[in-house]
Every structure is written in structure tokens, then in C-alpha cells.
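J.: Predicted coordinates and the sequence they were generated for:
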Amino acid sequence: MDEIEQSSIKQFNQWAKWFDSPIFSYWQFYLSNKKALHMLDIKNDSSLLDIGCGTGILLKQAANLQTNIKLYGLDISAGMIEKAKQKLGEKAHLRIASANKLPYHDNTFDYVTCCTSLHHHQNTQKSISEMYRVVKPRVKS
């Protein structure tokens, strides 16, 4: 892990304490996530990985879609993951890891989201390549 990631971990562990505050960001993220989930048109019995899941705002919204979706979240910050675990309980599989080296096999997920964290990634091209690697290929209908 490089210096930029170490700095991000420290910053986001601090932010986790108040990140869900409506005054700070909850409604901003809630509304953009709602739009993103609508655009995905998530199918029943599918899987979704949220990169930079933070406190699990998008994952909680996805859990409420009633689609029997398997939810996964990944964040570099232990503080953010802890808040997400409190919020989601057993509804999501959460991991602490870097988006530059996703701890999943190729073609694992039906959907991969990264709605509000890409600008924080140390190497955005590597992160995007990793997301592409773990998402299942789409079959054209």
C-alpha cells in the first residue's frame, strides 16, 4: 500500500464518525445512488459489488429493492466498513481492501458500482481495470 492510500485510510477513518450525517452528505449520496440503482435495473438473484462502499449507503438502498440480490462492499477504510456493518448486518459481505487489487475472482459479479469514490483512488486506470475484471460479461439479448 502506498503513501496516498495510507493517507486516504486515515482521512476516511476520521470521516466515518460523521459521514452519515444528513447535514454532511447522506442525502446527496442517497439521491445519486437512487438514480444509479434505477439505471442498473437490477435483476432478481444477481450480485452487486460496491467499490468504495463507505458506510454502505448504496448497499442499504440496493437491499431495499426486494430483488434477492447478493450484496458485497469494499472500502479501504476500516472505519467506514465498521459503520457499514452496523447499518447492514448480514445483508452484505463487506471487506477492507484496495480498489487497485480487488480480492475477487474474474467474472464474479453481475453489477459493479463505484459511485462516489473513484476520484480518491490512487490509480484510477488500475481501479477501472479491476472492476472490469470482476464483472461478468454482458450477454446481448
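T.: Perfect, I can see it now. Residues are numbered from 1 along each chain as shown.
J.: burial of the closest residue to Pro137 other than its chain neighbours, as a residue count?
T.: Nearest non-adjacent residue to Pro137, counting by C-beta to C-beta, 6 or more residues apart in numbering: Asn107, 6.7 Å away. For every residue, glycine as well, the C-beta is placed using N, CA and C. Asn107 is flanked by 11 other residues according to other C-beta atoms under 10 Å.
J.: Ser127 reaches Val112, doesn't it?
T.: No - the pair Ser127 / Val112 is not scored as a contact, 10.6 Å apart, by C-beta atoms under 8 Å.
J.: Now do the helices in this protein.
T.: Shown for the chain, the helices assigned by DSSP state H span residues 3-15, 26-40, 57-63, 78-88, 124-134.
J.: ok, residues contacting the third one?
T.: The set of residues external to helix 57-63 that reach it, using C-beta atoms under 8 Å, 6 or more residues apart in numbering, is 20, 26, 29-30, 33-34, 36-37, 42, 48, 50, 53, 69, 71, 73, 84, 87-88, 91-92, 113, 115.
J.: Over to the longest one?
T.: Here helix 26-40 makes contact (C-beta under 8 Å, 6+ apart) with 20, 48, 54, 57-58, 61-62, 65, 111, 113, 115-116.
J.: how about the CA coordinates for it, as CSV?
T.: Only the C-alpha atoms of helix 26-40 are listed here, as CSV (Å, rounded to 0.1, in the frame of the first residue of the first chain):
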residue,chain,number,x,y,z
TYR,A,26,-26.3,11.4,3.4
TRP,A,27,-29.0,13.0,1.2
GLN,A,28,-26.5,13.9,-1.6
PHE,A,29,-25.3,10.3,-1.8
TYR,A,30,-28.8,8.9,-1.2
LEU,A,31,-30.3,10.7,-4.2
SER,A,32,-27.4,10.0,-6.6
ASN,A,33,-27.3,6.3,-5.6
LYS,A,34,-31.1,6.0,-6.1
LYS,A,35,-30.6,7.2,-9.7
ALA,A,36,-27.7,4.8,-10.3
LEU,A,37,-29.6,1.8,-9.0
HIS,A,38,-32.6,2.8,-11.2
MET,A,39,-30.3,2.9,-14.2
LEU,A,40,-28.9,-0.5,-13.4
